[in-house]
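1. the following block contains a protein sequence and its predicted model.
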There are 2 protein chains.
Amino acid sequence: MIEQTQDDASLQSLVEDFFRHRFSTDNPLITEAVRRMLDAGGKRIRPRVTLLAAEACGGDPVDHLALAAYMELIHVATLIHDDVVDRAETRRGINATAIDYGNRVSVLAGDYLFAWIFKNVTANYPAPVPHILSSTLAEICDGEVLQLRSLGNLELSLEDYVEIVGKKTASLFAASAECGALQGGASPLRAAALREFGLLYGIAFQMNDDLIDVTADERSVGKPVGNDLRERKMTIPLICALQGGDGEFRRRVERFYAVGDPSEIPGLLDAIRARGGVSRTKEQIEHHVERAKRALAPFGSAPARAALSHLADALLER
Amino acid sequence: MIEQTQDDASLQSLVEDFFRHRFSTDNPLITEAVRRMLDAGGKRIRPRVTLLAAEACGGDPVDHLALAAYMELIHVATLIHDDVVDRAETRRGINATAIDYGNRVSVLAGDYLFAWIFKNVTANYPAPVPHILSSTLAEICDGEVLQLRSLGNLELSLEDYVEIVGKKTASLFAASAECGALQGGASPLRAAALREFGLLYGIAFQMNDDLIDVTADERSVGKPVGNDLRERKMTIPLICALQGGDGEFRRRVERFYAVGDPSEIPGLLDAIRARGGVSRTKEQIEHHVERAKRALAPFGSAPARAALSHLADALLER
């Protein structure tokens, strides 16, 4: 187990090395925008999934660092574009010039980064890797638009929610696992099993992210808790709390979404928790983690299987 | 010549058919955003370059309609993202909510469209087509960032300008010609010749676009003349006018860029014209059109060569 952890740490630092030394563009402003986003942190879980999937299929993770790094960079590019979206929310009333200049660069830097990734992937990886990655980007965007359209929609079912996060978040985990598997030499069966793992893990990952916004301490998360509520996102804790059928609670959420008084947020979070929003979300996370781990059955006792299971179990620790 | 024009018109309508019947996504909001942009017009010159390039190399244009359509869709995706950029300029002081919702959808619709194109191209076209298209998108973004950084920079040389528009605008014409050539069965020599044509034609195309903003009648262009000046863009007529070395004119432009009083625009346009900005731009366009046509030498008396030359000559008609 200690060995495994050291391996993990050294692979992680190789991925960071890739970002530092092998990511650069001719355009200093774009390079800077991407680096700033990379330096802002991130647990590099997508690259880890790629490297472990390659290893599980008999590959040497060190041979697949670039591919692993591209998975994180696709994530970074979507974050850069999210930034355009989110910053707009806090823009009202403040000097728009500097921020709009930022918006312009953010749109272009994100586009450039997508293009840079595809340029490298089409030059260096055989079919179907380039196709998987471009299909994944289409799914992410589709999921984000679906989420946008579902903002404030109290009718959203758990099924719809799973479809949205499956596209928006889990598709990239699925691709990270599948591409790692393919490049590691996987049989079609094993590549499909790892894709399934990535998808289920990714859904649980997003559910856990939603949960943190309801349960965590602001200081430990580094961003305001209740942010999803403020953005009128239909998160799983809210969906589960609404499923309880409490009409008064429902009307309270409706009023908040109509008026948006931020002082209501702590009380609403309490109400979500009191109506089983946290406990039912935890059940859903457990359910998806279990299914993700079951998808790894074809890998028998391979150490990388244990590491992937461990990654999934880490979502249950909170 | 009449035959040629009919062919052109029927190919154009086949391209439009492709947009109408073969472009659709699972996401109605994205499909709508893209269709709105397609319906807003456009001369579909990039697809025409692709189809003529394929024909010049012995291919049947009808076999390459999808590829031609992708060239227009890459252009449309960059316009959708430009829209995010440009709308920000007129946003100040007005209700941000509706516009920001538009910005969100614009960013995602553009991303989705890039992804959709790459998804199709990686599924249906052999190397190096997918790589050419992703490299081209990287160049476009690089060029746009360079242009952004050069806003209001009165030191920008004609050489720098040509580098920027070569990336921002001409790279897609170069790719349209090269990919059409490759899919039409071109030898490497002919594919390179058509790429060169596309690049030089594209530079002349952008120069002509800059010229229109200085010379045209607002009603005929459908947007305000002098718009580039308003955005502090360093266009070729302005660069040529500044090259005259008139210190008073230079200080006047500097003052306008510092203060931005729109009532100054008509006078500035007159001053640009009076200092040879228009005539010298026309010389540069002629020069690039001539070079573009010379690049077609390997095609002898092929009808598609005449059609491409004709397309280039059309830039000289104003």
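-> Perfect, I can see it now. Predicted model, so just to flag it, every value in this text is computed and none were measured.
2. now do the end-to-end distance for stretch A:209-228.
-> With Cα to Cα, to the nearest Å as the measure, the first residue of stretch A:209-228 is 10 Å from its last.
3. meant to ask about stretch A:266-283, not that
-> Criterion Cα to Cα; first-to-last residue distance in stretch A:266-283 is 23 Å.
4. who are the contact partners of the residue lying closest to A:Ile132 once chain neighbours are set aside?
-> Distance criterion Cβ to Cβ, 6 or more residues apart in numbering or on different chains; nearest residue to A:Ile132, sequence neighbours excluded, is A:Ala175 at 5.3 Å. Yep, even glycine has a C-beta here, placed from its N, CA and C like the rest. Counting by Cβ atoms under 8 Å, 6 or more residues apart in numbering or on different chains, A:Ala175 touches A:71, A:132-133, A:136, A:195, A:198.
5. quick one: which of these is the most crowded by neighbours?
-> Among these, A:Gly198 has the most neighbours (other Cβ atoms under 10 Å in any protein chain shown), with 30 neighbours.
6. contact partners for it?
-> Applying Cβ under 8 Å, 6+ apart to A:Gly198 gives the contacts A:49, A:53, A:170, A:173-178.
7. next, it: secondary structure please.
-> What DSSP: H, G, I helix; E, B strand; the rest coil gives for A:Gly198 is helix.
8. how about it: what's its closest non-neighbour residue?
-> In this structure, A:Gly198 finds its nearest non-sequential neighbour in A:Ala177, 3.3 Å apart by Cβ to Cβ, 6+ apart.
9. hmm, that neighbour is touching A:Glu55, no?
-> No: contact criterion Cβ atoms under 8 Å: A:Ala177 and A:Glu55 do not qualify, at 11.5 Å.
10. the two: who's more crowded?
-> Using other Cβ under 10 Å as the criterion, A:Ala177 and A:Glu55 rank with A:Ala177 on top: 32 against 24.
11. what's the spacing between that one and chain B?
-> For A:Ala177, the distance to chain B equals 19 Å [Cβ to the nearest Cβ, to the nearest Å].
12. kindly report the same for A:Ser106.
-> Note on A:Ser106: its distance to chain B, by Cβ to the nearest Cβ, is 9 Å.
13. next: A:Gly245.
-> 31 Å.
14. who touches the residue nearest to A:Gly198 in this structure?
-> A:49-50, A:53, A:194-195, A:197-198, A:201 are the contacts of A:Ala177 under Cβ under 8 Å, 6+ apart.
15. mind telling me what element the residue of chain A positioned farthest from its centre is part of?
-> Centroid-distance maximum for chain A: A:Glu248 at 33.2 Å, with Cα atoms, centre = their mean. In the assignment (DSSP states H and E), A:Glu248 maps to helix A:247-259.
16. can you pull the buried residues of that helix?
-> Judged by neighbour count using 16 or more other Cβ atoms under 10 Å in any protein chain shown, the buried positions of helix A:247-259 are A:249, A:253, A:256.
17. now, which of these sits nearest chain B?
-> Chain B lies nearest to A:Phe256 out of the buried residues of helix A:247-259, by Cβ to the nearest Cβ, at 16.8 Å.
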